[in-house]
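Student: Need a 3D model of the sequence below.
(one chain, ligands or ions: 3)
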Amino acid sequence: MELKKYLQYSKFDSGLASVLTAIAQGSILIQKKISRLSLEGLEGSTGTKNIQNEDVKKLDILANDIFLEKFQESKNVAMVGCEELEKPQIFNNSISKFLINMDPLDGSSNIDVGVNIGSIFGIWNENIDHSLNENSLLKPGKEQIASAYVVYGSCTLMVIASEKGVQCFTLDTQSGSYILSKDNINVPEKCKYYSVNYGNFENFSSNLQNSLINLQNIYSLRYIGSLVADFHRNLLEGGVFLYPKDTKNPNGKLRLMYEANPLSFIIKKAGGIGTNGTKNILNINPTTLHERVPLIIGNSDVIENILV
Ligand code: AHG
Ligand code: MN
Ligand code: MN
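Tutor: Numbering: from 1, shown residues only. Ligands and ions are numbered 1, 2, ... in the order given. Below is the predicted model of the structure:
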């Protein structure tokens, strides 16, 4: 079943359906650009740094601009927080219902080498009084009404989580539309993989080092360097992803609002959990738009035995 039909058939709120359709439309444009990256001069950096002082790639900005345009066209998005913009983007033309925090291009270090990358979105209802200010986007992850990600790789997949569960849609590049390929996704009971950057091992706490030694004795290591791709494999096959704090990065690397929250919402709907090592990510009250948070996400029974 085609995405648009699925959203109607499953009785998604029409405003939310228009936001999810905007994500789908934007991702189809981005997939086309990725498939022709070096042919269109889209490899490499812009030569600028973002608010996180990270190197901004050309595709980071292109993806950012494409999704902002699609959200504006949907007329159902009031405000967007995003990794590439220090301040949120406010839309004045919207009949507005939703607030979005997004990572328009996740896994930027993999863009130029043909490895899976993605886009991540958290979707919240706007304030009852329609007020919009600097802090409107800073809502806890448990208040999300939906979240989604796209993985661009051997095939392009869009995963959506809402009160109606978790579904995966596969982009049919011939027809140019997403087709339902998996419904009612639940993380398998049996964990298969664990994902961590061992380059940081010496800076982990001794508790965490011991936990990783236990994991390596039971599970296979898989680490792509694109959160959304590692997360997607673990969601379908069973696994835990760790980007923990360490002595150099006391808050880890990943961002709460547009990486940890959307994926923790999805994993919760799929029967797993996302924590910062001690607390459920969805219960964290945010203080700033770009705040970082340690992230351990996947099979609950494995995560409860990981000490940080
Ligand atoms: P982004 O490209 O949006 O900045 O995210 C990159 C993140 C995440 O995708 C990935 O899991 C992590 O960075 C990899 O970090 P390391 O290279 O330090 O392992
Ligand atoms: Mn990212
Ligand atoms: Mn990014």
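Student: When you work out contacts or count neighbours from here on, use the C-alpha atoms and nothing else.
Tutor: Fine.
Student: I'd like to know how many residues surround the residue lying closest to L105 once chain neighbours are set aside.
Tutor: Counting by C-alpha to C-alpha, 6 or more residues apart in numbering, S119 is the residue found nearest to L105 once chain neighbours are left out, at 4.8 Å. By the criterion of other C-alpha atoms under 10 Å, S119 has 27 neighbours.
Student: these two touch, right, S119 and N101?
Tutor: No: with contact defined as C-alpha atoms under 8 Å, S119 does not reach N101; the gap is 11.1 Å.
Student: What distance do you get for the residue nearest the centre of the chain to N92?
Tutor: The residue lying closest to the centre of the chain (C-alpha atoms, centre = their mean) is I120, at 3.0 Å. Here I120 is placed at a distance of 24 Å from N92 (C-alpha to C-alpha, to the nearest Å).
Student: So which bits of the protein are right by ligand 1?
Tutor: Residues of the chain that fall close to ligand 1, judged by C-alpha under 6 Å from any ligand atom: 103, 105-108, 197, 225-227.
Student: So, low pLDDT: which residues of this protein?
Tutor: Within the chain, the segments meeting pLDDT under 70 span 94.
Student: At the contact with ligand 3, which residues of it appear?
Tutor: For the chain, the residues in contact with ligand 3 (C-alpha under 5 Å from the ion) are 103, 105-106.
Student: Could you dump the residues you listed into CSV and include distance to I128?
Tutor: Shown next, in CSV, are the residues of the chain next to ligand 3 (distance: C-alpha to C-alpha, whole Å):
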residue, distance to I128
D103, 25
L105, 30
D106, 31
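Student: need those residues in a markdown table with secondary structure, distance to V113 and neighbour count, can you?
Tutor: Listed next are those as a markdown table, based on DSSP: H, G, I helix; E, B strand; the rest coil; distance: C-alpha to C-alpha, whole Å; neighbours: other C-alpha atoms under 10 Å:
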| residue | secondary structure | distance to V113 | neighbour count |
| --- | --- | --- | --- |
| D103 | strand | 20 | 24 |
| L105 | strand | 15 | 26 |
| D106 | strand | 14 | 26 |
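Student: residues of the lengthiest helix in the chain that come out buried?
Tutor: Looking across the chain with DSSP state H, the single longest helix is helix 14-35. By 16 or more other C-alpha atoms under 10 Å, the buried positions in helix 14-35 come out as 15-28, 30-31, 33-34.
Student: and I111, what does it touch?
Tutor: 43, 59, 117 (C-alpha atoms under 8 Å, 6 or more residues apart in numbering).
Student: try 10 Å
Tutor: By C-alpha atoms under 10 Å, 6 or more residues apart in numbering, the contact set of I111 is 34, 37, 42-44, 57-60, 105, 117-118, 226.
Student: again with L180
Tutor: For L180, the contact set (C-alpha under 10 Å, 6+ apart) comprises 1-3, 5-6, 157-159, 167-171.
Student: give me the element it is part of.
Tutor: L180 belongs to strand 177-182 when assigned by DSSP states H and E.
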